[in-house]
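>>> Pasted the sequence and its predicted model underneath.
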Amino acid sequence: MIKIQSIVDNTRKYLEDCIFRGDFCPGQQIKEQEIASLLGISRPPVREAMKLLEGAGLITRKPNRGAFVTMIDEKDAWEIYTLKSDLYEFATRLAFEKISDDEIRGLEKVVKDMETCIMADSPDVIRYQELNQRFHDMIIQVSGHQRLRKIVQILHHQVMRFSCMSLMNEVHLKDSLHYHRKILAAFKKRDMAATIELTHEHIMRGLDMVQEIIAKELSTMKSTGTETE
């Protein structure tokens with residue numbers, strides 16, 4: 001049982017990475033047999049892995065047609081980012097009641113690592129994105145609300161590919177770092193209102209960039225006739 005579960009987890013991770021990197025495009029069909037043959041495994045673990053990704057919103061099943069990478073449009077992005085903003089606000093309010101100096105120093109370490117990513121000759125966007133998520137996840141962890149954390153992870157995964165693409169824009173990348181520095185400073189000052197306001201602004205700026213990317217991508221798909229139903 002443990003071995004089978006490990007195969008399922010590895011397959012899920014493989015499919016997630018393919019979706020996040022854009023190897024599997026929005027609307028593209030994912031066939032169980034092709035993935036099973038590629039990975040040298042049987043179809044049941046692939047089927048289970050795809051069910052997990054369906055539950056996370058990364059894959060959509062269409063009756064009598066199969067499984068497809070979920071399409072994300074501008075309205076979907078708006079729903080995801082506005083919900084993340086509200087959840088982050090709630091987590092911040094909870095975290096302010098208990099965050100320690102050591103935990104604030106932990107946030108500071110993450111921000112310094114983010115700065116290192118940007119100062120490189122070729123910014124490590126993937127690493128920066130991981131640190132970006134770690135920063136917010138640390139705040140949620142301090143809040144102690146584990147169900148909130150799981151919901152945020154699901155929402156984050158649904159737009160992760162677009163989020164990474166947005167950070168390839170140098171202006172947006174530097175703007176993101178700027179907001180993390182200011183959010184950290186607000187935590188240090190124990191200014192909850194400022195922390196919440198800055199976090200909201202940070203997320204809404206991300207939404208603007210992601211919606212712009214999605215609009216361009218959908219426009220390209222329409223013009224080339226590759227848009228799916």
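Cool, got the structure. Remember, it's a predicted structure, so these values are computed and weren't measured experimentally.

>>> so what does the lengthiest helix in the chain touch, helix or strand wise?
Determined from DSSP state H, the single longest helix within the chain is helix 192-224. Here helix 192-224 touches helix 74-96, helix 160-166, helix 170-188, going by 3 or more Cβ pairs under 8 Å, 6 or more residues apart in numbering; DSSP states H and E. In short, each C-beta sits where N, CA and C put it, glycine included.

>>> Same question for the longest one: list its buried residues.
In terms of neighbour count (16 or more other Cβ atoms under 10 Å), helix 74-96 has its buried residues at 76-77, 80-81, 84-85, 87-89, 91-92, 94-96.

>>> same check, this time on stretch 109-120
110-111, 114, 117-118.

>>> Of those residues, just say which sits nearest to Arg43.
Cys117 (39.4 Å; Cβ to Cβ).

>>> what's the nearest residue to that closest one if we skip its chain neighbours?
Using Cβ to Cβ, 6 or more residues apart in numbering and skipping residues adjacent in sequence, the residue nearest Cys117 is Tyr128, 4.3 Å away.

>>> Show residues contacting the strand or helix carrying that neighbour.
Using DSSP states H and E, the element containing Tyr128 is helix 125-143. The contact list for helix 125-143 (Cβ atoms under 8 Å, 6 or more residues apart in numbering) reads 88, 90-92, 94-95, 98-99, 103, 106-107, 110-111, 113-114, 117-118, 148-149, 152, 156, 160, 163-164, 167-168, 173, 176, 180.

>>> same thing with stretch 93-106?
Defining contact as Cβ under 8 Å, 6+ apart, one finds that stretch 93-106 is touched by 138-140, 142-145, 184, 187-188, 190, 192, 195-196.

>>> What's the first helix or strand after the helix holding Tyr128?
helix 146-158.

>>> that older thread, quick one: which two of the buried residues of stretch 109-120 are the most distant?
Using Cβ to Cβ, the pair of these lying farthest apart is Val110 and Ile118, separated by 13.1 Å.

>>> separation between Cys18 and Met50?
Distance of Cys18 to Met50, given as Cβ to Cβ, to the nearest Å: 12 Å.
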